[in-house]
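K.L.:
Any chance you can model this:
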Amino acid sequence: MRKFSKWLAIPCAALLLTAGGAMTSLAATGWAMEDNEWVYYNADGTKATDVFKKSGNNWYYLGSDGSMVYSSIVEYNDDYYYVNSSGAMVTSEWRAVDNEDAGSSEDEPDQWWYYLQSNGKAVKRSGSSDHVKFTTLNTSTGPAKFTFDEEGHMLFGWLDESGEMQTGDDAWKTGIYYCGENGDGRMSTGWKYLEAVNDDDHDREGDSYWFWFGTNGKKTTSDDSKKINGRKYSFDENGAAHFEWYNNPGATGSNASSSQPGRYYNTEEQCWLSTGWFKAVPDENADPEGYEDGEAVWYYAQSDGDLVKSQIKKINGQSYGFDAFGKMLHGLYIIHYDTDGKTILTADKIEDEGQIPDENDDNSYVYYFGDSPKEGAMKTGTVTLDIDGEKYYYDFQSSGSKKGAGKEGIDDDCIYIEGRRLTAEKGSKYQVVSYNGNDYLIGTNGKLAKNKKNIKDADGVYYKTDKKGVVIESGEEKLD
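P.N.:
All right, here's what the predicted structure looks like:
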């Protein structure tokens, strides 16, 4: 759906004035020219007034003074007709006629449009009808529906249920049907991008919204989703299509404050409910900090539009992490679980050395969501990461209930804390580290120095270790 405004013009194929048939002045009864005005004498010798009389194939109207009327709307027997510049009744045509009341109020147009039927009568609404009634008329682009008032004026703009034109800034709220601008008038169906000034939407820069009109011309309203051409949309009580962040029905306002984000209805140009992967700036109310950052992040919505959040979920063969706001995790994180061990309470990103955990914390685990094979895919196995310009070696579980969590403990002759392999500092050769109440000797590659005697570090200190790599003795002299 593209954002555009296109006004369809009233078919004008027959707007050229048609000259009346040539008249012949007749004596006594019939047509006569008096003072350069055509008049008509009845059989009793009186002038015909306020009536149509025929000449040739055309009908002409004699006014209250008996003179022929030109280029005017004529009311006759509660119907309305139009006579052209030659005085002939117009049939099967659209006509725009200057509005005598134009300027009396802002609501009065400069011209009114009429449609004169084959019998010359303007289409009008029955005075007894309290509901709008549409009439199908042929146009240059095919049949279209129009509505008229009791005086034959083609109505336009927003109309309420009774067919009254709505004006002012709130017309889009009180209107049910939309019939284009004056000079268009056709009943709208399908999508329309219309001006709609909304003082309640303080953060909105634009002044138009998308609306959907059914085949009966009525705009779609309410917060319930509607499927159109295979996509789901949602509309407020005034018919404006929701876009970007919108909380689930029941919330107050289209961007109600919530501890959890709602559904995302794409950009204003699209408006459809997002499902699957999509990228967006976080909701201002649900995630103020993320919104303030202004960075678009990835989300994943299920088929009903609800976001996947607070969990690690497998999608198309890869596992991804989502925080409490539904944002996809990307990078190295300390994840804090609820007591159920499945629900993510918080996910704190590790971006510098000071955030790397030095010990295990119950219900907290370190995960890495990288760029391979997909952006944000959870990593298992070994990974080398650069943090603050330093290399760190991690190993993440490849199976089990905590698949993807950093290893904890001694594995393959290395010590791991929340997935990070402990290593001796560069240039030290060996270093003593404390783990679970024991002092271990490890090398710069992280391997435990097991069953070693008089192994020396870069500072000249000698060590003796047992079969587990625990330091038994150390000193600046060789050990016995």
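
K.L.:
For Gly66, report the pLDDT, please.
P.N.:
For Gly66, the pLDDT comes out at 97.

K.L.:
same deal with Trp59?
P.N.:
Predicted confidence (pLDDT) for Trp59: 98.

K.L.:
CA atoms only: put the helix or strand where it lies into CSV for me.
P.N.:
Remark: Trp59 resides in strand 58-62, with elements defined by DSSP states H and E. The C-alpha coordinates for strand 58-62 follow below in CSV (Å, rounded to 0.1, in the frame of the first residue of the first chain):
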residue,chain,number,x,y,z
ASN,A,58,-35.9,20.1,-26.4
TRP,A,59,-37.7,21.4,-23.4
TYR,A,60,-37.5,25.0,-22.3
TYR,A,61,-38.5,26.7,-19.0
LEU,A,62,-40.5,29.9,-18.8
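
K.L.:
Against which helices or strands is that strand packed?
P.N.:
Here strand 58-62 is seen to pack against strand 37-41, strand 51-55, strand 79-83 when contacts are counted using 3 or more C-beta pairs under 8 Å, 6 or more residues apart in numbering; DSSP states H and E. C-betas here are computed from N, CA, C, even on glycine.

K.L.:
hey, which of these is tucked in deepest?
P.N.:
Ranked by mean neighbour count under mean count of other C-beta atoms under 10 Å, those are led by strand 79-83, which reaches a mean of 21.

K.L.:
Relative to Asp306, how far out is the closest residue in space to Tyr320 that isn't next to it in sequence?
P.N.:
Counting by C-beta to C-beta, 6 or more residues apart in numbering, Gly376 is the residue found nearest to Tyr320 once chain neighbours are left out, at 5.1 Å. Plainly put, Gly376 is 19 Å away from Asp306 if you go by C-beta to C-beta, to the nearest Å.

K.L.:
Tell me which of those two has more neighbours.
P.N.:
Between Gly376 and Asp306, counted using other C-beta atoms under 10 Å, the more crowded position is Gly376 (21 against 15).

K.L.:
What ranges does this protein have for its helices?
P.N.:
171-174, 288-293 (DSSP state H).

K.L.:
Could you give me the buried positions within the longest one?
P.N.:
Same thing as helix 288-293. Gly290 (16 or more other C-beta atoms under 10 Å).

K.L.:
swap in the shortest one?
P.N.:
By neighbour count, with 16+ other C-beta under 10 Å as the criterion, the buried positions of helix 171-174 are 171-173.

K.L.:
how far does it sit from the chain's center?
P.N.:
20 Å (C-alpha atoms, centre = their mean, to the nearest Å).

K.L.:
On the strand side of things, show who Leu332 bridges to.
P.N.:
Tyr368 (DSSP bridges).

K.L.:
again with Asn58
P.N.:
Ser55.

K.L.:
What of Tyr246?
P.N.:
Bridge pairing for Tyr246 - DSSP bridges - gives Arg263.

K.L.:
so how far is Gly262 from it?
P.N.:
Tyr246 is 5 Å from Gly262, by C-beta to C-beta.

K.L.:
now Pro373, nearest residue through space, not along the chain?
P.N.:
Gln318 (6.9 Å).

K.L.:
try Lys309
P.N.:
Gly326 (4.0 Å).

K.L.:
Likewise for Leu329?
P.N.:
Gly321 (3.8 Å).

K.L.:
That neighbour: neighbouring residues, count only.
P.N.:
Gly321 - counted by other C-beta under 10 Å - has 24 other residues nearby.

K.L.:
now swap in Asp457 and tell me
P.N.:
Quick note: Asp457 (other C-beta under 10 Å) scores 20 neighbours.

K.L.:
cool, and Lys374?
P.N.:
The burial count for Lys374: 15, using other C-beta under 10 Å.

K.L.:
All further residue positions should be reported with the first residue as 40.
P.N.:
Sure thing, new numbering starts at 40, so read that last one as Lys413.

K.L.:
Just confirm it contacts Gln357, I think it does.
P.N.:
Yes: between Lys413 and Gln357 a contact is recorded at 5.4 Å, counting by C-beta atoms under 8 Å.

K.L.:
Please list the residues outside stretch 218-226 that contact it.
P.N.:
Here stretch 218-226 makes contact (C-beta atoms under 8 Å, 6 or more residues apart in numbering) with 46-49, 135, 148, 150, 152, 173, 178, 183-186, 193-198, 216-217, 227, 252, 256.

K.L.:
again, but for stretch 245-257
P.N.:
Against stretch 245-257 from outside (C-beta under 8 Å, 6+ apart): 40, 42, 173, 184, 211, 215-217, 226-237, 258-259, 265, 267, 272, 274, 278-280, 282, 307, 310.

K.L.:
Now, these that are in strands?
P.N.:
With strands taken from DSSP state E, the overlap with these comprises 184, 216-217, 229-234, 265, 267, 272.

K.L.:
Tell me the pLDDT of the nearest residue to Ser440 once chain neighbours are set aside.
P.N.:
Distance criterion C-beta to C-beta, 6+ apart; nearest residue to Ser440, sequence neighbours excluded, is Gly380 at 7.4 Å. On the pLDDT scale, Gly380 is placed at 91.

K.L.:
okay, now Glu307: neighbour count?
P.N.:
Glu307 - counted by other C-beta under 10 Å - has 17 other residues nearby.

K.L.:
Disregarding residues adjacent in the polypeptide, which is nearest to it?
P.N.:
Phe282 (4.5 Å).

K.L.:
The one you found and Cys310: what is the separation?
P.N.:
Phe282 sits 5 Å away from Cys310, going by C-beta to C-beta.

K.L.:
what's the overlap in contacts for these two?
P.N.:
Common neighbours of Phe282 and Cys310 (C-beta under 8 Å, 6+ apart) are 249, 304.

K.L.:
just for the stretch 90-239 of the chain, where's the confidence low?
P.N.:
For the stretch 90-239 of the chain, the stretches flagged by pLDDT under 70 are 167-168.

K.L.:
Thanks again, I'm all set now.
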